[in-house]
Every structure is written in C-alpha cells, then in structure tokens.
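Visitor: turn this into a model:
(chains A and B)
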Amino acid sequence: MNIVVLVKQVPDTEAQRQLNPDDNTVDRAAVDPVINYIDEFAIEEGLLLKEAHGGEVTILTVGPERATESIRKALSMGADKAIHVTDEALHGSDAIQTAKVIAKALGTIEWDVAVAGSEATDSRSAILPALLAEALGVAQLTQARKVTVDGSTVTIERVTDTGYESVQGSTPAVISVVEKINDPRYPSFKGIMAAKSKPVTTLALSDLGIDAGEAGLANAWTQVVSFENAPPRAAGQTVKDEGNGGGQIADYLASKKLI
Amino acid sequence: MNFTETEEQQALRKAVADLGSRYGFEYTRSKVKSGEHTDELWHEAGKLGFLGVNLPEEHGGGGGGMYELALVLEELSAAGCSQLMMVVSPAICGTVIGRYGTDEQKQRWLPGIADGSIVMAFGITEPDAGSNSHNITTTARRDGTDWLLTGRKIYVSGVDRADAVLIVGRAADEHSRQGRLKPVLFAMPTDSPGFEFRPIEMDIATTDKQFLLFLDDVRLPADALIGQEDAAIAQLFAGLNPERIMAAALSIGIGRYALDKAVAYAKERVVWGAPIGSHQGLAHPLAQVKIELEQAKLMMQKAATLYDLGDDMRAGEAANMAKYAAAETAVRSVDQAVQTLGGTGFASEYGLGALLAVARVGRVAPVSREMILNFVAQFSLGLPKSY
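Guide: As a prediction, the model looks like this:
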C-alpha cells in the first residue's frame, strides 16, 4: 500500500505567535517552526499502516524552504521519502488553494491513502482534508480515532461530540486523524542518521502545471482583513465567603450561562 | 573548528529532550521513593538506539561517537532523569570491549549494551585502592584454562541491575600484590558462583545504588578476559576518558536542570510588585552559572571531539578539565537555584534539595577534584609530583 502523509510546518505552538502586519499572514520568521503537532499522529498512523500492510510512506509538504526541517523529522521517524512543494508564489495561499496544490502533487505519484492531521495549530480551520478529498473526487474519512484497512476498503471510527460513527470508503481515500488515535514514536538514532539520505523531491508550481496567478495571497479565496491581539486577562472577581460563598459562585456561573 | 552541531546531532538532541521531558523529574522521584530502577526510560532509550550511539554499527550500536553519547546523557539529565549507568555500561564497558574485545566478546556483549537489554557495571575501586588504582589487589589466578578471581570491590554502581561487572584485577602469576599495576579486565556475569554483592546505604537520592562486591574464587572461562593479559594500562584508560566525559555530561545536565528551575521561578515569583529575577542579587549569580555551564559544556565537547578523533592523550587532559568544570558548576547551579527559590527550594516537587547531594557527588566521583588538580599540575603545567 502506498501511503502519503500530509505534513504542515507551523510556528511553535508554545511560543508567542503573531501575524505579519504588512499582509496579515502568519509571521513565520518570528517563531521557531515545528511540525504541526497533530500531524505527528498522522505520520505515526502512516507508519503503522505500512507496518501492517507493507508499501511505502511518502511525506508531502507544501511550504517554504525551511519546511525541509519538518520533512527531515518525519523521515527520521521512519517515512521513506518526501515531496516538498515550495514556491515563492505560494505565500499567503488559503486552504482552498493549498488543497488544489496538494491534489496536483498527489497526481505525480501512485497512492492509496493520504493521511493528514485533523487540523493545523496555526490556522485551526480543520477544513483542508475535506477540501482535498473534494478536489480529488475521492472518499473523505475525517476525524478518525481508529483506521482499519482491508483490501481497498478503509473503515474509520469518526469522533463525534457524543461518541463515534463508523464510516467506510474505498481507496484512494483522504483520511484525517485526531490525537487519540496513537502514540507518535520518537525518531530513533538510526532513523535520524538515515533521514539525510532519503530522497526528497522538490517541486515548484510550474512542475505541477499550476499558474502562479492561481496561487498566493492576491488570488486567495479567503483573506485576513484585520486582526488584533487578544486583550490582556482582566482581573478576576473575588468572592468572600460569609456563609453564602457557594450561592455567589453559582450566581456568577449562571450569569455567564455556564450553569 | 565548528560550533554548530550537525543536523543529525541537533535532531538527536531534540528527540532525546522530548523523550526525557515525557518522563521528567517526577518519574525519577517516584522511582527513588519506591526503590526501583528507571527501567521504562532505560529500555525505551535503548530501543531508540540512544544508549548505544557510540558503539559500532556492526555490533548493534549507532556508529556515532562519544560526542553523541554525551549529548544523550546531558539531555536526559537536563530533563531531570539522568542515567548514571550510561556512564558505566555503554561508555566505559562498551568502549573497552569495543576496542579490546575479541569478535566473539563484542558479539556477546555489545548488542545488548547498545539496546539496554544488557547492563554492565564497572568494578575498579577497592577498600584500599581508590585513586591509587596501582594498589588493586583483586587477583586472577589461572586454573587450567580458567581463571579464579578473588578480591573485594567497593562503591560499584548499579550491580543489582547489572548482568555482568567488568572487573579490574591483576594477574597473580606475573605480578606481586604491590607495585605498578598491569591490569587484567574480566567480564564477570553477576550470577557467577562465588560472587556476592551487598548494597551500601548512602545519603544520595538516586535510583542506582552503590555496592560492595565479594569475589571468592569466582571461576571464569578463558574468554571472560577482555583484551590482553599483560596489556599496558592504556587498555584500562581507554574506558576512563569516556567515563570523565560522561560524568561531565551528567553534571552539566544537572546544572541545566537546576538553572531552568531557578530562572522559571525568578521570572514568575513576584515580591513587592516585581519579579525577583529583576533583582541583580539573584539575576547576576544565575547569569554567572549560565556562563560557567557554557564553559564546562564547551570543554566537554572539546574532550569528546578529541576522543572521537582518536587523540587519547589530549582527550585525557580535556576530559579531566571538563569533568572538573562541570562538577563545580553543577554544585554552584543547584546551590544558587535553591537560594533563588528560598524555602521552596527544599520542596520535594522541585527536586532541588535532593540534587544538592547528587550534584556534590560529581566533585568526588568518578575521580576527585583534587586528583584532577594533581593531574593538571603535573601533566599540563609540568610541576613536580607530590606523591
């Protein structure tokens, strides 16, 4: 089975992230980049599928040159090779444009399943896997907490607010996974040493037959119009317990419609 | 000279730090309390190839060097879960067997040492032979093709979890009990008849304990002898440079752990409207610790680099200096961290009170500060010997 794992590089979630005020896009220079946290679960699931069914795991990343750092990490965890789509014209692309680029990139290889994290910690739209399945016209199996493959049938447990749904589709399929699904492995020393010699194919938009006029901020379907920083936390309200503390807390919670 | 680590070294540092942070100091503390070993962390690190990065690839290791092994221990130690047996099993024993063992011995011991499934302790110190290892009296007698070992060892780490102990003795038929030592090294399984060990009660909160060893005519086959029977002392010293580099790594990790705790606290703790870290009385000593830690680390990296290049003589000098600097800095770092946290510095959840003693060990073991100063005075400065 040929498995593709979609990996996004994002600014470190633990740092103070910001937008670039010039064009309202993510400021990638200000904060150290890391692999999107949830994508590590997608990588692990891809590796588990390979261990169970054989085949190869290909990492597919769309992002600036520096995204090679994230690709190396994914390769050091055990993936076999990678495709890196990078092009200055991609700057500021939104989810719809990115999904189209990924769909074209998938067209350059043979694949059975494309596994992604359910969302990225920077944009948090959680929409890309669905857009990608739509763009490709293939099965969409999202928010999986469990994935089972039997021949060309993929069955997942899709997380819902109250439990899970069993959803089935045929390959090729786009799968997105949630954090509950597995325990991502650490790169081993052998994996780290091997990563450098694994093949990474770098593709520009022209290699995918995409016109620069379709990509980038100027042609995006969605844009950040304005932003402001979250307001500083206001001082809390102190409740003095004079025998009625419990009632006061209940009143406060009720006023916030929390109870 | 290059002060930027390779992509692989940076990735290894990150992977080990991630693993260490998942276990962390709380894990170590709970293990010390229950008297258990840190087996889960040890085996996971072994499976990932972190414990054997320095050992040859054809024997299950990672094919890296002492630089990489020291980096692993530094990061685990900085995460609050230092692994003392890394100093012993892969660094001392793995190095000696890797350099002087026969192919059969390498095949028997190294893959297990590399993946952590075999732990080998190192028995050199005796009640009457500490720094003066020339006075070692543990004696190996030939009996047919076998060897019979008799002697006492003291302050041997981790014997209860070890599969074997690399014993440093002297051969009976060629040397008297005194005089210059021509050491003979034996890989002695811990289940050998005639071998017993007893824990020494210590006031140090660590998961690896210290032991007294009793060897009474322990019979070992000919192939338990590692290296040559009448090899030069270089064979023993081959393991001691890695020991010092790793001791430095452990101390630097402890120093980093304590400094991190102190800095985080100094930023958060507000007294009279200002974080206490804004007061120079606390900020400057922490800045000093930072500088000294960086210096010690640079010296350790120099020692490891020289060792990996095969320059044993210069690596020896640098390894001693690194071990000295790292131990001194770790003691100061923990002390200053406790001072920064005040009474909280002794609260169990920060682990700093317990580290006061652990960091202090670095000043006396594996070689005391004074013996290093003797070495530097004589070897580096050419001053006359005092003993």
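Visitor: list the contacts of stretch B:379-387.
Guide: Outside stretch B:379-387, the residues that touch it by C-beta atoms under 8 Å, 6 or more residues apart in numbering or on different chains are B:317, B:374, B:377-378. C-beta here means a position set from N, CA and C on the backbone, and glycine is covered the same way.
Visitor: endpoints of that stretch, how far apart?
Guide: End-to-end span of stretch B:379-387 (C-alpha to C-alpha, to the nearest Å): 14 Å.
Visitor: pLDDT averaged over that stretch, what's the number?
Guide: In this model, stretch B:379-387 has an average pLDDT of 91.
Visitor: still on that earlier bit, pick out the most distant pair among the contacts of stretch B:379-387.
Guide: With C-beta to C-beta as the measure, no two of the contacts of stretch B:379-387 lie farther apart than B:317 and B:374, at 12.9 Å.
Visitor: kindly confirm my reading that residue A:145 is in a strand.
Guide: Yes. Residue state for residue A:145 (DSSP: H, G, I helix; E, B strand; the rest coil) corresponds to a strand.
Visitor: contacting residues around the residue of chain A found nearest chain B?
Guide: Here chain A gets closest to chain B at one residue, residue A:189, 3.6 Å apart by C-beta to the nearest C-beta. By C-beta under 8 Å, 6+ apart, residue A:189 lies in contact with B:12, B:48-50, B:53, B:62, B:64, B:68.
Visitor: again, but for residue B:80
Guide: So residue B:80 contacts B:20, B:23-28, B:257, B:351 (C-beta under 8 Å, 6+ apart).
Visitor: would TSV of those with neighbour count be doable?
Guide: TSV is the format used below for these (neighbours: other C-beta atoms under 10 Å in any protein chain shown):
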residue	neighbour count
B:20	27
B:23	19
B:24	15
B:25	21
B:26	12
B:27	18
B:28	23
B:257	28
B:351	22
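Visitor: quick check: end-to-end length of stretch B:108-126?
Guide: End-to-end for stretch B:108-126, by C-alpha to C-alpha: 27 Å.
Visitor: hmm, it in reach of chain A?
Guide: No. Judged by C-beta under 8 Å from any C-beta of the partner chain, stretch B:108-126 and chain A are separated, with a smallest distance of 9.8 Å.
Visitor: pLDDT (mean, whole number) over that stretch?
Guide: 97.
Visitor: list the buried residues in that stretch.
Guide: B:108-116, B:118-126 (16 or more other C-beta atoms under 10 Å in any protein chain shown).
Visitor: those in helices, which ones?
Guide: Those of the buried residues of stretch B:108-126 mapping onto helices are B:108-115, per DSSP state H.
Visitor: up against chain A, what does the stretch 51-200 of chain B have?
Guide: Within reach of chain A by C-beta under 8 Å from any C-beta, the stretch 51-200 of chain B has these residues: B:53, B:62-64, B:68.
Visitor: farthest pair in the residues you listed?
Guide: Pairwise distances across those peak at 9.4 Å for B:63 and B:68 (criterion: C-beta to C-beta).
Visitor: show me how chain B divides into domains.
Guide: Domain segmentation of chain B under automatic domain parsing yields B:7-118, B:121-226, B:234-380.
Visitor: endpoint to endpoint, the longest one covers what distance?
Guide: Read it as domain B:234-380. With C-alpha to C-alpha, one end of domain B:234-380 sits 19 Å from the other.
Visitor: quick one: distance of it to the chain centre.
Guide: Distance of domain B:234-380 from its chain centroid, counting by C-alpha atoms, centre = their mean, to the nearest Å, is 14 Å.
Visitor: quick one, strands of chain B?
Guide: B:120-123, B:139-143, B:146-157, B:164-171, B:183-189, B:195-200, B:210-220, B:225-226, B:270-271, B:274-275 (DSSP state E).
Visitor: turn those strands into JSON lines, columns for distance to residue B:284.
Guide: Converted to JSON lines, those look like this (distance: least, C-beta to C-beta, whole Å):
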{"stretch": "strand B:120-123", "distance to residue B:284": "40"}
{"stretch": "strand B:139-143", "distance to residue B:284": "55"}
{"stretch": "strand B:146-157", "distance to residue B:284": "36"}
{"stretch": "strand B:164-171", "distance to residue B:284": "45"}
{"stretch": "strand B:183-189", "distance to residue B:284": "47"}
{"stretch": "strand B:195-200", "distance to residue B:284": "40"}
{"stretch": "strand B:210-220", "distance to residue B:284": "37"}
{"stretch": "strand B:225-226", "distance to residue B:284": "50"}
{"stretch": "strand B:270-271", "distance to residue B:284": "17"}
{"stretch": "strand B:274-275", "distance to residue B:284": "15"}
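Visitor: please identify the deepest-packed of these.
Guide: Highest mean neighbour count of the strands of chain B: strand B:120-123, a mean of 27 (counted as mean count of other C-beta atoms under 10 Å in any protein chain shown).
Visitor: now for residue B:226: which residues touch it?
Guide: Going by C-beta under 8 Å, 6+ apart, residue B:226 touches B:96-97, B:100-101, B:105, B:166, B:185-187.
Visitor: ok, it to residue B:94 distance?
Guide: Using C-beta to C-beta, to the nearest Å, residue B:226 is found at 12 Å from residue B:94.
Visitor: got it, and residue B:131?
Guide: Taking C-beta to C-beta, one finds residue B:131 at 24 Å from residue B:94.
Visitor: on that earlier part again, if you rank the contacts of residue A:189 by neighbours, which is first?
Guide: Neighbour counts for these, by other C-beta atoms under 10 Å in any protein chain shown, peak at residue B:50, which reaches 33 neighbours.
Visitor: what's the closest non-adjacent residue to that one?
Guide: Spatial nearest neighbour of residue B:50, excluding adjacent residues (C-beta to C-beta, 6 or more residues apart in numbering or on different chains): residue B:72 at 4.8 Å.
Visitor: distance of residue A:50 from residue B:352?
Guide: Distance, residue A:50 to residue B:352, by C-beta to C-beta: 45 Å.
Visitor: can you check residue B:374 too?
Guide: 32 Å.
Visitor: who's more crowded, these two?
Guide: Relative neighbour count places residue B:352 above the other of residue B:374 and residue B:352, with 27 against 18, counting by other C-beta under 10 Å.
Visitor: need the residues of the stretch 1-150 of chain A near chain B, please.
Guide: A:72-73, A:76.
Visitor: and residue A:147, what are its bridge partners?
Guide: Residues in a beta bridge with residue A:147, per DSSP bridges, are residue A:156.
Visitor: count the neighbours of it for me.
Guide: 22.
Visitor: how about the strands in chain A?
Guide: In chain A, the strands defined using DSSP E lie at A:2-6, A:9-11, A:19-20, A:25-26, A:33-35, A:56-62, A:81-85, A:113-117, A:139-150, A:153-159, A:164-170, A:173-177, A:200-203.
Visitor: next, format those as JSON lines and append mean pLDDT.
Guide: As requested, the strands of chain A are exported to JSON lines (pLDDT from 0 to 100):
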{"stretch": "strand A:2-6", "mean pLDDT": "98"}
{"stretch": "strand A:9-11", "mean pLDDT": "94"}
{"stretch": "strand A:19-20", "mean pLDDT": "89"}
{"stretch": "strand A:25-26", "mean pLDDT": "88"}
{"stretch": "strand A:33-35", "mean pLDDT": "93"}
{"stretch": "strand A:56-62", "mean pLDDT": "98"}
{"stretch": "strand A:81-85", "mean pLDDT": "98"}
{"stretch": "strand A:113-117", "mean pLDDT": "98"}
{"stretch": "strand A:139-150", "mean pLDDT": "97"}
{"stretch": "strand A:153-159", "mean pLDDT": "98"}
{"stretch": "strand A:164-170", "mean pLDDT": "97"}
{"stretch": "strand A:173-177", "mean pLDDT": "98"}
{"stretch": "strand A:200-203", "mean pLDDT": "98"}
